[in-house]
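> sequence and predicted model, in that order:
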Amino acid sequence: MKSNRSIVTWLLNIVKLIGLFALYQLAMIPTMMPAIRRGFSATAILVAGVASLVLLGLLIWWLVTIYRRQAPIVTNLSRPARPALTIVGLFILVELGNVLAGLIVKQTPENQVILDKVFTTSPVINVVLMAVLAPIVEELIFRGLMYRWLFPRVTNRVTFAVALVFASLLFAFAHTLSFSPALLAYLPIAVVLTFTYVWFNDIRYSIALHIINNSLAMVGMLTLLSR
């Protein structure tokens with residue numbers, strides 16, 4: 001009976017995570033509308049962007065509140081002695097993974113195509129959305145709450161491997177919504193961010209790494225837009 005109850009609780013937690021991700025997508029709708037439908041005035045685009053900023057801000061406040069109420073995950077990994085140096089090394093690992101994925105995956109993920117269109121409508125607002133707010137939301141959902149709800153104890157290699165694969169695939173799938181080759185484009189960062197969270201057992205480090213990665217991507221997009 002206890003085993004059945006645990007399975008039901010685990011499945012319900014998956015449903016809750018999906019619901020939180022759906023709220024995240026809903027908060028992004030205002031800023032996506034000008035890219036999907038033409039004819040929006042500059043004022044309407046600005047209002048839509050500000051609306052998404054406010055909605056994401058409220059969502060982050062709620063997610064942080066939920067996250068703080070949960071017990072930290074139990075892990076036998078020792079936190080890095082040099083956090084800053086470790087983050088630099090992990091970032092290099094992310095970039096190497098991105099380069100490798102780019103060589104393997106020739107098609108641009110549909111999610112990235114949409115983001116490119118959204119970015120051009122209001123670059124300044126979307127830099128804040130994509131480089132800062134989106135990483136915070138995604139880390140709280142896909143690392144913080146996911147682990148605390150689904151994998152609260154990561155104390156052996158088997159559990160860690162299962163949790164790493166599950167969390168990374170779910171993160172990648174959420175960005176592609178299909179099992180196409182584009183899924184591979186998101187796996188490097190998903191794996192490294194998941195490992196970062198479990199290793200540090202502190203959501204701030206995976207958030208920082210995610211923000212750095214997205215910020216550099218935004219710099220590249222701004223450079224292309226200015227040409």
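Arrived safely. Since we're looking at a predicted model, the values are computed, not measured.

> next SSE downstream of the least confident helix or strand in the chain by mean pLDDT?
Averaged element by element with mean pLDDT, DSSP states H and E, the chain has its least confident helix or strand at helix 110-121 (a mean of 65). Counting by DSSP states H and E, the element after helix 110-121 in chain order, helix or strand, is helix 123-128.

> roughly how far apart are Arg204 and Ile211?
Taking C-beta to C-beta, to the nearest Å as the measure, Arg204 falls 10 Å from Ile211. C-beta: built from backbone N, CA, C; applies to glycine.

> more neighbours: the two, which one.
Shown here are Arg204 and Ile211; by other C-beta atoms under 10 Å, Ile211 has more neighbours (17 against 13).

> report the rounded mean pLDDT for stretch 71-90.
Confidence over stretch 71-90 (mean pLDDT, whole number) is 89.

> which helix runs longest in this structure?
Taking DSSP state H as the assignment, the helix of the chain that covers the most residues is helix 2-36.

> list the buried residues of it.
Of all the residues in helix 2-36, those buried under the rule 16 or more other C-beta atoms under 10 Å are 17, 20-21, 23-24, 27-28, 30-35.

> relative to Phe173, which of those is nearest.
Top of the list for closeness to Phe173, among the buried residues of helix 2-36 and by C-beta to C-beta, is Phe21 at 10.6 Å.

> tell me which residue is most central in this structure.
Averaging the C-alpha coordinates of the chain gives a centre point, and the residue nearest to it by C-alpha atoms, centre = their mean is Glu138 (3.3 Å).

> my read: it touches Phe171, true?
Yes - at 7.4 Å, Glu138 counts as touching Phe171 under the criterion of C-beta atoms under 8 Å.

> list the contacts of stretch 186-193.
Residues outside stretch 186-193 that contact it (C-beta atoms under 8 Å, 6 or more residues apart in numbering) are 90, 93-94, 96-98, 100-101, 109, 139, 142-143, 164, 167-169, 171-172, 175-176, 206, 209-210, 213.

> about what we covered before: same list, the buried residues of helix 2-36, but as a markdown table with distance to Arg153 and pLDDT please.
As requested, the buried residues of helix 2-36 are arranged in a markdown table below (distance: C-beta to C-beta, whole Å; pLDDT from 0 to 100):
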| residue | distance to Arg153 | pLDDT |
| --- | --- | --- |
| Leu17 | 18 | 92 |
| Leu20 | 22 | 94 |
| Phe21 | 24 | 92 |
| Leu23 | 28 | 93 |
| Tyr24 | 27 | 93 |
| Ala27 | 32 | 91 |
| Met28 | 33 | 88 |
| Pro30 | 39 | 82 |
| Thr31 | 38 | 82 |
| Met32 | 38 | 78 |
| Met33 | 43 | 75 |
| Pro34 | 45 | 71 |
| Ala35 | 42 | 65 |
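
> of the residues you listed, closest to Leu56?
Of all the buried residues of helix 2-36, the one sitting nearest Leu56 is Ala27; the distance, using C-beta to C-beta, is 4.9 Å.

> distance of the closest residue to the closest one other than its chain neighbours relative to Lys16?
Leaving aside its chain neighbours, Ala27 sits nearest to Leu55 (3.7 Å; criterion: C-beta to C-beta, 6 or more residues apart in numbering). When distance is defined by C-beta to C-beta, Leu55 is 19 Å away from Lys16.

> may I have stretch 18-29 as CSV, with CA atoms only?
Coordinates of the C-alpha atoms in stretch 18-29 are reproduced here as CSV (Å, rounded to 0.1, in the frame of the first residue of the first chain):
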residue,chain,number,x,y,z
ILE,A,18,3.9,20.1,-16.1
GLY,A,19,1.4,22.6,-14.7
LEU,A,20,4.1,25.0,-13.6
PHE,A,21,5.8,24.8,-17.0
ALA,A,22,2.4,25.5,-18.6
LEU,A,23,2.1,28.7,-16.5
TYR,A,24,5.6,29.7,-17.6
GLN,A,25,4.5,29.3,-21.2
LEU,A,26,1.3,31.4,-20.6
ALA,A,27,3.4,34.2,-19.0
MET,A,28,5.5,34.3,-22.2
ILE,A,29,2.4,34.6,-24.5
